[in-house]
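Participant: Need coordinates for the below:
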Amino acid sequence: MALRNLDNALPISQERPKKLPKLSKQPEIGVNDENNPVPPPESTVDYVASEDLKPFPDPESSAQRLLEELASKDWIKVCESLNNTRRFAVFHSSLLLPILEKLIVVMVKAMKNPRSALCKTSIMTCSDIFKAYGEKLLEASHLRSMDDLILQLLMKASQDKKFVCEEAEKALNTMVNSVARLPLLRKLKTYVRHSNPRVRAKAAVSTSNCVSKMELKEMEEFGMVMIAQMAADLLSDKLPEAREAARSMVNSVYEKFTWNEEEEDEVESKQEAWKKFCEKNVTGLNAQAMIKIVSYQ
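Facilitator: Residues are numbered from 1 along each chain as shown. Below you'll find the predicted structure:
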């Protein structure tokens, strides 16, 4: 039997080499590459309590550098500078008065930053600024920047990041306890009609807290009818937080409205006077709701 010629044999198929998976280049942590920036971990930021802040050994020279340091492109350095701002507010507040307007603008910008650590540090700075300057913050030269600041705090208090939200709520409470109530209420009334229901609810809470601290003369100067109408509108709000704040406002207004009626046997006359007040100044179902709130007391 003749052997088959090896030259006519089928060629041996060669196996195609397997493609190796592409390895993505991972930049080192903390190194910024213009195509793939990797931020350093936010754990490097220290959240210092107000009582743990220390005074400056040479505050005058440190104050001259503060605005320049706050303008740094390094967000960690900005956090450090905000903490220095807090130190000035607590221990050397008079040195910041000439640049207070500019500082508020910086704080608002930091709160808008997507970095939660920078945002929280700025909010903590707000609290110390409120405690240090109080009524001065609502003087004419600071009006515009304070509008922006209050709005940002309300927005941060209504967001989902819990540790930012809680810090913003603390700052809002500090604001209500520190800033003059009458001018503050004039600013807050804008936000209780905000289109965002969560912002509106936080504004309602701050407004209610502010109203609860007002004296009768302050309510009358602002307009007791206007406060009652704000509360009435919020009673039918979408969110329960806003509705609860509205009920608290109603009780605060009722308490001051009936301030002169001191005898316990005058309860019926108080409620009758309140009924007339509501029916005269508040429309429809809202008036009935306000009457029922005080009747359950």
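
Participant: show me where this structure has helices.
Facilitator: All helices of the chain, identified by DSSP state H, fall at 59-70, 75-91, 100-112, 116-133, 143-157, 162-178, 181-191, 197-212, 216-222, 224-234, 240-257, 267-281, 284-295.

Participant: Let's have those helices in TSV, adding mean neighbour count.
Facilitator: C-beta coordinates here come from the backbone N, C-alpha and C atoms, glycine included. Rendered in TSV, the data for the helices of the chain read as follows (neighbours: other CB atoms under 10 Å):
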stretch	mean neighbour count
helix 59-70	14
helix 75-91	20
helix 100-112	19
helix 116-133	23
helix 143-157	20
helix 162-178	19
helix 181-191	19
helix 197-212	23
helix 216-222	15
helix 224-234	21
helix 240-257	20
helix 267-281	15
helix 284-295	16
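
Participant: backbone phi and psi for residue 45, please?
Facilitator: With angles defined as degrees, to the nearest 10, residue 45 shows backbone torsions of phi -90, psi 130.

Participant: How about residue 215?
Facilitator: As for residue 215, its main-chain torsions (degrees, to the nearest 10) stand at phi -80, psi 170.

Participant: Renumber starting at 25 from here on
Facilitator: All set: I'll call the first residue 25, so the last point we hit is now residue 239.

Participant: And for it, the neighbour number?
Facilitator: By the measure other CB atoms under 10 Å, the count of residues near residue 239 is 12.

Participant: Quick check: closest non-adjacent residue to it.
Facilitator: Distance criterion CB to CB, 6 or more residues apart in numbering; nearest residue to residue 239, sequence neighbours excluded, is residue 280 at 7.7 Å.

Participant: is it true that that neighbour touches residue 237?
Facilitator: No: distance between residue 280 and residue 237: 11.2 Å, which falls outside the contact criterion (CB atoms under 8 Å).

Participant: returning to that earlier point: ok, the residue nearest to residue 239 - contacts?
Facilitator: Residue 280 is in contact with 238, 239, 240, 243, 248, counting by CB atoms under 8 Å, 6 or more residues apart in numbering.

Participant: Of those, which pair is most distant in space?
Facilitator: Across those, the longest distance by CB to CB is 11.9 Å; it joins 239 and 248.

Participant: For residue 237, see how far away residue 245 is.
Facilitator: In this structure, residue 245 and residue 237 are 14 Å apart, going by CB to CB, to the nearest Å.

Participant: do residue 84 as well
Facilitator: Counting by CB to CB - residue 84 and residue 237 are separated by 37 Å.

Participant: Over to residue 193?
Facilitator: Residue 193 sits at a distance of 17 Å from residue 237 (criterion: CB to CB).

Participant: Alright, that wraps it up for me.
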